[in-house]
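J.: pasting the sequence and the predicted model now:
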Amino acid sequence: ELKVEQNPLFLSMQEGKNYTIYCNYSTTSDRLYWYRQDPGKSLESLFVLLSNGAVKQEGRLMASLDTKARLSTLHITAAVHDLSATYFCAVDIRGTYKYIFGTGTRLKVLA
Amino acid sequence: EPEVTQTPSHQVTQMGQEVILRCVPISNHLYFYWYRQILGQKVEFLVSFYNNEISEKSEIFDDQFSVERPDGSNFTLKIRSTKLEDSAMYFCASSEAWAVGNQPQHFGDGTRLSIL
C-alpha cells in the first residue's frame, strides 16, 4: 500500500524553539513537495525538492530530501507564532500522474 | 500573481442531487487536478487531467464523478448523485507541467460541499 506518513501529527511548541517534522514515503518518487495550510484556507507551496540531498531554506523553514531513505524533513528554527498552521508533504508517484499527500502535521506555536 | 479560482465557495446540496464544481486554472498551465479534504483530515487525490483527458484517477473517483474542460478556461468536477460522505472541501489545482523542474501545483481556495 502506498503511504506517505508524517511525524508528529500534532506539535505544540514554544516560540524560539527548534523542531523537525518528518515525512516518510513508501513509493518511488521523483519529487517531494511541502505545503502549508492555514485553517479553512487553501494550500500554499513552500518547497519543491527534486533530488537526493536537496536542501532548501526559506526564512525559518528548511527542507531536505533523502531519496534512498525515502525521507524528507522540515526543520523549524526559532519558531514564531505566525508559523502555526498544518504542514503537508506530498510526493508524485513515478510512472503515474498521481500525487499522494501526507497525513499532515498540525503545528501550534505558543507565545 | 495569477491564481486558480474556484466557484462557488460553498455549495449545499440535497443527497442524490447532481453538483458541478467549477475551476478556472492559471491560464498557461496544462495539467489540472481535483483533490478533496474531509474536515480536519488529509488531502486526497481524485484525478489529474491533461490534453482533454484523464491522466490518472484514484479509487475514490468512481463512476459518480466526472471531469470536463468545456472551454479554454474552465475545468469542472461533476458528482452525479451525491452521498452524505461526499461532504468535504474540494480543491482544484493546476501546474505548468508534470513533475518537471521545480514547478509545484497551485491550489484554488476550495469549494466547501455540504450534502444534506
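T.: Received, thanks. Numbering: from 1, shown residues only, chains lettered A, B, ... in the order given.

J.: okay, CA-based contacts and neighbour counts for the rest of this
T.: Fine.

J.: angles on the backbone of A:D82, please.
T.: phi -60, psi -20 (degrees, to the nearest 10).

J.: where does A:T27 sit: helix, strand or coil?
T.: For A:T27, the assignment made with DSSP: H, G, I helix; E, B strand; the rest coil gives coil.

J.: could you give the number of residues near A:S12?
T.: Residues near A:S12, counting by other Cα atoms under 10 Å in any protein chain shown, number 11.

J.: that one belongs to a helix?
T.: No - counting by three-state DSSP, A:S12 is not part of a helix but strand.

J.: residues contacting B:I115?
T.: Neighbouring residues of B:I115 by Cα atoms under 8 Å, 6 or more residues apart in numbering or on different chains: B:V12, B:T13, B:Q14, B:M15, B:T82, B:K83, B:L84, B:E85, B:D86, B:S87.

J.: cool, and A:T20?
T.: Neighbouring residues of A:T20 by Cα under 8 Å, 6+ apart: A:T73, A:L74, A:H75, A:I76.

J.: just the element for it, please.
T.: Assigning secondary structure by DSSP states H and E places A:T20 in strand A:19-25.

J.: among the contacts of B:I115, the buried ones, what's the PyMOL command?
T.: PyMOL command restricting the contacts of B:I115 to the buried ones, with burial defined by 16 or more other Cα atoms under 10 Å in any protein chain shown:
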select buried, chain B and resi 13+15+82+83+86+87
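
J.: circling back to that earlier point, could the contacts of A:T20 be laid out in CSV, adding distance to A:L46 and neighbour count?
T.: Below are the contacts of A:T20 laid out as CSV (distance: Cα to Cα, whole Å; neighbours: other Cα atoms under 10 Å in any protein chain shown):
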residue, distance to A:L46, neighbour count
A:T73, 13, 20
A:L74, 10, 23
A:H75, 12, 18
A:I76, 13, 19
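
J.: closest to chain B out of the residues you listed?
T.: Distance to chain B across the contacts of A:T20 (Cα to the nearest Cα) is lowest for A:L74, with 16.8 Å.

J.: if I pick that closest one, what's in contact with it?
T.: By Cα under 8 Å, 6+ apart, the neighbours of A:L74 are A:T20, A:I21, A:Y22, A:L61, A:M62, A:A63, A:S64.

J.: quick check: beta-bridge partners of the nearest residue to the fourth one once chain neighbours are set aside?
T.: With Cα to Cα, 6 or more residues apart in numbering or on different chains as the measure, A:I76 is the residue that lies nearest to A:L61, at 4.9 Å, once sequence neighbours are left out. Beta-bridge partners recorded for A:I76 (DSSP bridges): A:Y19, A:L61.

J.: with B:K78 instead?
T.: B:I20, B:S66.

J.: counting neighbours, what do you get for it?
T.: 16.

J.: what's the answer for the one 3 residues further on, then?
T.: By the measure other Cα under 10 Å, the count of residues near B:S81 is 15.

J.: and the closest residue to it other than its chain neighbours, how many neighbours?
T.: Sequence neighbours aside, B:G16 is the residue nearest to B:S81 in space, at 4.4 Å (criterion: Cα to Cα, 6+ apart). Applying other Cα under 10 Å, we find 14 other residues in the vicinity of B:G16.
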